[in-house]
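Undergrad: my questions concern the predicted model and sequence given below.
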Amino acid sequence: MTTQFEPVIGLEIHVQLASKTKLFCSCPNGVGDETKPNTAICPRCTGQPGVLPVLTEGAVELAVKAGLALGCQVNEYSTFSRKHYFYPDLPKGYQITQYDKPINGAGSIEITFGPKENLQKKKIGIHHAHLEEDASKSSHFDGYSLIDFNRSGCPLLEIVSMPDLRSPEEAYAYLTEIKRLMKWVDASNCDMEKGELRVDVNVSLRPVGQEKFGTRCEIKNLNSFKAVKDALHYEITRQTELLNAGGHVVQETRLWDKEKNITRPMRSKEDALDYRYFPEPDLPPLVLKHDWLERVKAQMPELPAQKEAKFMAAGLNAYDAGVLTSSLDIARYFEEVTSNKAISVKTASNWIQTDLLGMLNAEKKEISQSPISAPVLAEILEMVESGKITRRQGREVFDKIWADGGSPKAIVEASGMVQVSDEGQLEAWAQEAIAAAPKAVADYKKGNKAAIGALVGAVMRKSKGKANPALLSKTLARLLDK
């Protein structure tokens, strides 16, 4: 008999904090230029004998902001520990980390997943998020290995989820939300290609309805969100087939092989005892002063969930509000456009999502690099909304400014785009079209309302596209319905 299993998934996410310096020294943080290895180093981050760590306030502040974004309890008292393991890329033979008293305690975030037509929301618990230093980078070649210490000592925040995720799709949504929040508060750039966001996945299966967890496997070497989803799908299938065949899952660390789309064993999973944690003797406890913590809290921007709720209250659906809060820059751009009350939120949303983001994505640009500023787009949309120019003409103006810059008003005037909304002129054109198309008129009067399209088209050609189509349609219908 085949047993139905439920996946239980937890993620450990390392984000490199975007502080100016490393965690325990004054070397510049984030030097990832592979052409200049071992140039952002000093005796502290290379583990030379006799040196002492000095904690960087900037990294602590970003860790606190990240914790607040994750809904964590920020602890005013936390401590550092030594975690021992012996890899060539760990110069001291131990890593300074936080173990039993982390800077950020329990929290939770809400994820959104599922198809656009049926979005679902779910709360995912955060067990904690702690500070630690990064190891250096090993590069392996045929017969030898090289080590670049530029990354050694960079500040990491390890975000440990509760085992609340139940599908690869939920895990993907969770990662997406973590990245959004970290970038939102400027805690990290989260560039996976540069190693600024790294993910380890823990997954186990249990029979549906059972409370007790099964034996978990950890999956490493995941360098994209897609890889996380694909690895989970594979591992869930592997464990399901193994258990239904009467086998047992072994607790181990596995690697994702993206070429073969499989996971394969790496090593048996260590327990905390194997790392021989003990308090870091060279660092005192980290005590956050209440006034300092309140100042950091006061600097926090309005978080995505709050902006989403605000945008939905203004008339947007959940999907559109989600897209417009995918980054703080996009949300602020939208707010700046809609500060012009002549523009509806729906019009602004459609243009930003379809026209602006479409062009930015095609050219692989961020919204901060947009050739069209929010005030310029607002000026274009105001002319479209007022009927001065058509939607098509608005896009022509948009494209001209995107390519060459300029003023919307000047482009409209120079191109002769101003839309004709004068009722007398529109009626004169409509009378001419009716007189020239007796068949379309007859079809309309017989009940074929779509026949009015031929008359609208005739007037648009006559006016060289300048007739206001909405007013024209009303004028034609009034004349034909007499």
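TA: The structure has been received and is ready for your questions.

Undergrad: contacts and neighbour counts: CA atoms only from here.
TA: OK.

Undergrad: check which residues of the helix or strand containing Glu218 are buried.
TA: Following DSSP states H and E, one finds Glu218 within strand 217-222. Under the neighbour-count criterion of 16 or more other Cα atoms under 10 Å, strand 217-222 has Cys217, Glu218, Ile219, Lys220, Asn221, Leu222 buried.

Undergrad: could you give the mean pLDDT of whichever helix in the chain runs longest?
TA: Determined from DSSP state H, the single longest helix within the chain is helix 225-244. Averaging pLDDT along helix 225-244 yields 96.

Undergrad: and for Ala362, the neighbour number?
TA: When counting by other Cα atoms under 10 Å, one arrives at 8 neighbours for Ala362.

Undergrad: pLDDT below threshold where in the stretch 201-350 of the chain?
TA: Applying pLDDT under 70 to the stretch 201-350 of the chain flags the ranges 269-273.

Undergrad: in the helix or strand following the longest helix of the chain, what counts as buried?
TA: Remark: after helix 225-244, the chain's next helix or strand is strand 252-257, criterion DSSP H and E. Applying a neighbour-count criterion of 16+ other Cα under 10 Å, one finds Glu252, Thr253, Arg254, Leu255, Trp256 buried in strand 252-257.

Undergrad: ends of stretch 257-275, how far apart?
TA: For stretch 257-275, the first and last residues are 27 Å from each other (Cα to Cα, to the nearest Å).

Undergrad: circling back to that earlier point, which helices and strands sit right next to the longest helix of the chain?
TA: Helices and strands touching helix 225-244, as assessed by 3 or more Cα pairs under 8 Å, 6 or more residues apart in numbering; DSSP states H and E, comprise helix 168-184, strand 197-207, strand 262-268.

Undergrad: distance to Ala129 and mean neighbour count added to those, as a markdown table?
TA: Listed next are those as a markdown table, based on distance: least, Cα to Cα, whole Å; neighbours: other Cα atoms under 10 Å:
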| stretch | distance to Ala129 | mean neighbour count |
| --- | --- | --- |
| helix 168-184 | 12 | 21 |
| strand 197-207 | 14 | 22 |
| strand 262-268 | 25 | 15 |
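
Undergrad: those: which one's closest to Glu235?
TA: Smallest distance to Glu235 across these (Cα to Cα): 6.9 Å, for strand 262-268.

Undergrad: contacts for the closest one?
TA: Contacts of strand 262-268 with the rest of the structure, by Cα atoms under 8 Å, 6 or more residues apart in numbering, involve Ile219, Ala231, Tyr234, Glu235, Gln251, Glu252, Thr253, Arg254, Leu255, Trp256, Asp257.

Undergrad: wait, which of the buried residues of strand 252-257 is closest to Ser78?
TA: Thr253 (29.3 Å).

Undergrad: quick revisit: what's the closest of the helices and strands packed on helix 225-244 to Ala477?
TA: It is, among the helices and strands packed on helix 225-244 and with distance given as Cα to Cα, helix 168-184, at 49.5 Å.

Undergrad: looking at the helices and strands packed on helix 225-244, which is closest to Ala69?
TA: Nearest to Ala69, of all the helices and strands packed on helix 225-244, is helix 168-184, at 6.2 Å by Cα to Cα.

Undergrad: residues in contact with that closest one: which ones?
TA: Counting contacts by Cα under 8 Å, 6+ apart, the residues touching helix 168-184 from outside are 9, 11, 66, 69-70, 111-114, 124, 165, 188-190, 225-226, 228-230, 232-233, 303-304, 326-328.

Undergrad: quick one: buried residues of stretch 226-233?
TA: Ala227, Val228, Lys229, Asp230, Ala231, Leu232, His233.

Undergrad: just stretch 379-398 next, same as before
TA: 379-385, 387-390, 393-395, 397-398.

Undergrad: just stretch 279-293 next, same as before
TA: By neighbour count with 16+ other Cα under 10 Å, stretch 279-293 contains the buried residues Pro279, Glu280, Leu286, Leu288, Leu293.

Undergrad: low-confidence ranges, the stretch 51-200 of the chain, go.
TA: For the stretch 51-200 of the chain, counting by pLDDT under 70, not a single residue falls below.

Undergrad: need the helices for it, in chain order.
TA: 57-69, 168-184 (DSSP state H, counting those that start in this stretch).

Undergrad: if we can go back for a sec, the helices and strands packed on helix 225-244: which one's closest to Asn468?
TA: helix 168-184 (41.8 Å).

Undergrad: tally of neighbours for Ala414?
TA: Neighbours around Ala414, by other Cα under 10 Å: 10.

Undergrad: spit out the contact partners of the residue nearest to Ser138 when sequence neighbours are not counted.
TA: Excluding the flanking residues, the one nearest Ser138 by Cα to Cα, 6 or more residues apart in numbering is Ile147, at 4.6 Å. Contacts for Ile147 (Cα under 8 Å, 6+ apart) come out as Pro88, Asp89, Ser136, Lys137, Ser138, Ser139.

Undergrad: tell me the centre residue of the chain?
TA: Among the residues of the chain, the one closest to the centroid is Arg180, at 3.9 Å (Cα atoms, centre = their mean).

Undergrad: what's the spacing between that residue and Lys226?
TA: Counting by Cα to Cα - Arg180 and Lys226 are separated by 16 Å.

Undergrad: quick one: the contacts of Ile147 as JSON lines, columns for distance to Phe24 and neighbour count too.
TA: Formatted as JSON lines, those follow (distance: Cα to Cα, whole Å; neighbours: other Cα atoms under 10 Å):
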{"residue": "Pro88", "distance to Phe24": "20", "neighbour count": "15"}
{"residue": "Asp89", "distance to Phe24": "17", "neighbour count": "20"}
{"residue": "Ser136", "distance to Phe24": "14", "neighbour count": "21"}
{"residue": "Lys137", "distance to Phe24": "18", "neighbour count": "17"}
{"residue": "Ser138", "distance to Phe24": "21", "neighbour count": "15"}
{"residue": "Ser139", "distance to Phe24": "24", "neighbour count": "10"}
